[in-house]
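In: Pasted the sequence and its predicted model underneath.
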Amino acid sequence: VAFILSTMKTALFSLTVTLALLSTVQVGEAYYIPKLYGGGDTCQGQVLLVAGSEYGNICDDDWDLTDADTICSALSAGSAVATTTQSRFGVNSIDYVMDDVSCSSSASSINSCSWDRTDNCGSSEIAGVICSSCLSGSNYQVRLVGGDTPCEGHVMVYYNGGWGYMYGPAMSSSVADAVCRSAGYSSASTYYTSKVSSSFGAGPTTYSGYQRFSVGSASCSSTASGLSECTLT
C-alpha cells in the first residue's frame with residue numbers, strides 16, 4: 001500500500017509540474033515561426049508569431065533586447081539593436097499569443113523562452129524590433145512604414161549614408177510616383193504632405209540609429225522610374 005501511495009504522489013507531482021510548465025511555455029522547438037510586418041522590410045517591424053493556423057502578436061509588457069534577439073536570430077537578420085512598443089508600426093486588432101515574454105541570453109528561439117498565454121493588453125501594445133541588418137542600405141532605397149498593407153505607409157529613404165524619413169513638404173505627385181516605383185509599385189494613388197493620424201504607426205522615430213529626416217526636399221520628373229532619377233537634398 002505504501003508503494004502504491006508513493007507512486008501516486010510522484011505521478012501527481014509530475015502532472016502538476018507538467019501542467020504548470022504548459023501554462024507559460026509552449027513546448028517544442030520552433031513551434032512558433034516569427035515574421036515581421038509594418039516595417040517595410042524583413043528586418044524590422046512588429047512581431048507576428050505563426051504556428052500552423054494559429055497566429056498572433058506579442059504584447060510589449062517586459063519586452064526587451066534579449067527577447068527581441070531571438071526574433072532577429074530566427075530571421076537571420078543579425079541582432080536586435082532596438083525594441084519598439086506601443087504598436088509603433090501600426091495598430092491592429094490581431095490577438096496576442098504571448099505576454100510577459102522572458103528569454104535568457106542563451107535562448108535559441110522564442111520557443112525556448114517563458115511567457116504567459118493570457119494577456120491584459122490593448123491594440124496599442126504590440127511589440128516590435130529593429131534588427132542590425134536593417135541599418136545598411138543603398139542610396140534611394142525606400143521603405144513604407146506603419147501601413148495596414150505593404151504598399152502604404154510613411155516614407156523612409158536611405159540617403160547619404162543613413163535611413164530616415166522624407167520630410168512631408170518634400171512630397172508631391174511626381175515624387176510619390178517615384179517613391180512607389182522605387183518600392184516596386186507602378187504609381188501612387190494618394191500621397192500626404194503631413195503626418196497621417198489614421199492607421200499609419202509612428203514608426204521607429206526614437207531610434208538613434210536612424211536620422212529623423214534623411215530627405216528634406218525632392219524634385220522628380222513625371223517619368224522618373226524611381227528616386228534615383230530625382231534630385232534629393
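Out: Yep, it's here. Numbers count the residues shown, from 1 in each chain.

In: ok, and for stretch 80-100, which residues are buried?
Out: Across stretch 80-100, burial judged by 16 or more other Cβ atoms under 10 Å covers 80-84, 87-92, 96-100. Bear in mind the C-beta positions are built from the backbone N, C-alpha and C, glycine included.

In: of the residues you listed, closest to residue 56?
Out: Distances from residue 56 to those, taken as Cβ to Cβ, are shortest for residue 97 (3.4 Å).

In: confidence score at the closest one?
Out: With respect to pLDDT, residue 97 has a value of 96.

In: For it, which non-adjacent residue is closest in space?
Out: residue 56 (3.4 Å; Cβ to Cβ, 6 or more residues apart in numbering).

In: Which secondary structure element is home to that neighbour?
Out: Assigned by DSSP states H and E, residue 56 belongs to strand 54-58.

In: which residues sit against that strand?
Out: Identification of contacts with strand 54-58 by Cβ atoms under 8 Å, 6 or more residues apart in numbering yields 46-49, 92, 94-99, 101, 126-127.

In: Mind exporting the C-alpha coordinates of that strand to PDB?
Out: Presented in PDB, the C-alpha positions along strand 54-58 are these (Å, rounded to 0.1, in the frame of the first residue of the first chain):
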ATOM      1  CA  GLU A  54      -2.700  30.000 -35.300                       C
ATOM      2  CA  TYR A  55      -1.100  33.400 -35.400                       C
ATOM      3  CA  GLY A  56      -0.800  36.500 -33.200                       C
ATOM      4  CA  ASN A  57       1.100  39.400 -31.800                       C
ATOM      5  CA  ILE A  58       3.400  39.700 -28.800                       C
END
